[in-house]
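Colleague: Next comes the sequence, and after it the predicted model I'd like to discuss.
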Amino acid sequence: MPKINVYLPDALAATVRDAQLPVSAICQSALERAVRDVTSARGSDEPPAEGQPGIGLFSRFTPRARQAMALAELAAANVPHDFIGTEHLLLGVIDEGSNLALKVLESLEIEADDLRAELVASMAKATNSGRGHISFTPVAKQALELTAKEAMTLGHNYIGCEHLLLGLLAAEDGLASQVLRRMGLELRTTRRAVIGALIGLVHAQTTSAPPPSPDLGPTLEEILRRLDAIEERLAG
């Protein structure tokens, strides 16, 4: 059986030792779930039916993310296209209208209407297809796989539109990524914006006092430090 080393920050390692947590069992469980999610993304042919919770990877989608998937299929059918590409997935996120990804885009000075117009202008011409079965393109499947990985990297057990935005941006061969990058977005800064938006959301839900709380700063810095370390390892 291959051995996989797990590196923890000193403070976390000390806490784990004090709590006597079974690191190997926890890591194995997390890796098994990660493998299931990635395998599910690679095997997904189409979004779950509207109003259904979905199975596999889609079972961890939030209601807004599931609605975005349904709207992506509708966006493809309305062209009409006989495929669901990354551009349709991003249109689904935009059309959902009230998700965290849109707030992240706004914080990065990207207007949803401008993004929609750029996506539509960049789309392929209509294909001669009815409104039957519409499948994900290989790049769209890759974006879903990267979406799951982004959620796991951030330590989240759910998948929201903010993770979908990151997955679409990470899938560089997709039209959605190309349009987002053309408008000035970059994965690392967008990931940081997602973290900041999530911290702001948690703060708003837990207190009515005016933000920001100084106690949140070290938490954000620690998360960003860990992400920097991950990115450096990947680059190496």
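Modeller: Alright, I've got the coordinates. Numbers count the residues shown, from 1 in each chain.
Colleague: Let me see the ranges of the helices in this structure.
Modeller: Along the chain, the stretches classed as helices by DSSP state H are 10-19, 23-43, 63-78, 86-96, 100-107, 112-122, 138-153, 161-170, 175-182, 187-206, 216-235.
Colleague: Might one say that Arg66 is in contact with Phe58?
Modeller: Yes. Checked against Cβ atoms under 8 Å, the pair Arg66 and Phe58 is within contact range at 6.8 Å. Every residue, glycine included, has its C-beta placed from N, CA and C.
Colleague: roughly how far apart are Glu87 and Gly196?
Modeller: For Glu87, the distance to Gly196 (Cβ to Cβ, to the nearest Å) stands at 26 Å.
Colleague: So these two - more neighbours on which side?
Modeller: More neighbours sit around Glu87 than around the other of Glu87 and Gly196, counting by other Cβ atoms under 10 Å; the figures are 29 against 17.
Colleague: The more buried one reaches Ala176, doesn't it?
Modeller: Yes. Counting by Cβ under 8 Å, Glu87 does reach Ala176; the two are 5.3 Å apart.
Colleague: Next one: Leu180 from Leu89, what distance?
Modeller: With distances taken as Cβ to Cβ, Leu180 is found 12 Å from Leu89.
Colleague: the more surrounded of these two?
Modeller: Neighbours per residue, other Cβ under 10 Å: of Leu180 and Leu89, the larger number sits with Leu89, 33 against 25.
Colleague: Per-residue pLDDT of that one, please?
Modeller: The per-residue pLDDT reported for Leu89 equals 97.
Colleague: what does Leu154 give?
Modeller: Per-residue confidence (pLDDT) for Leu154: 87.
Colleague: coming back round to it: which one of Arg66 and Phe58 is surrounded by more residues?
Modeller: Arg66 (24 against 19).
Colleague: Show me the shaky parts of this structure.
Modeller: 1-56, 128-132, 202-236 (pLDDT under 70).
Colleague: Span of stretch 97-111 from start to end?
Modeller: Start and end residues of stretch 97-111 are separated by 12 Å (Cα to Cα, to the nearest Å).
Colleague: Could you list the buried residues of that stretch?
Modeller: 99-105, 108, 110 (16 or more other Cβ atoms under 10 Å).
Colleague: Stretch 73-88 too?
Modeller: Of the residues in stretch 73-88, those buried under the neighbour-count criterion (16+ other Cβ under 10 Å) are 73-77, 79, 81-88.
Colleague: Of those, which is the nearest to Ala121?
Modeller: For those, the closest approach to Ala121 (Cβ to Cβ) belongs to Glu87, at 10.7 Å.
Colleague: Okay, the closest residue in space to the closest one that isn't next to it in sequence and Val139: tell me how far apart.
Modeller: The shortest distance from Glu87 to any non-neighbouring residue, by Cβ to Cβ, 6 or more residues apart in numbering, is to Leu175 (4.3 Å). In this view, Leu175 and Val139 are 8 Å apart by Cβ to Cβ.
Colleague: which residues are common contacts for those two?
Modeller: Among the neighbours of Leu175, those also in contact with Val139 (Cβ atoms under 8 Å, 6 or more residues apart in numbering) are 85-86.
Colleague: thought Met183 was touching Asp114?
Modeller: Yes. Checked against Cβ under 8 Å, the pair Met183 and Asp114 is within contact range at 7.4 Å.
Colleague: No more questions from me, cheers.
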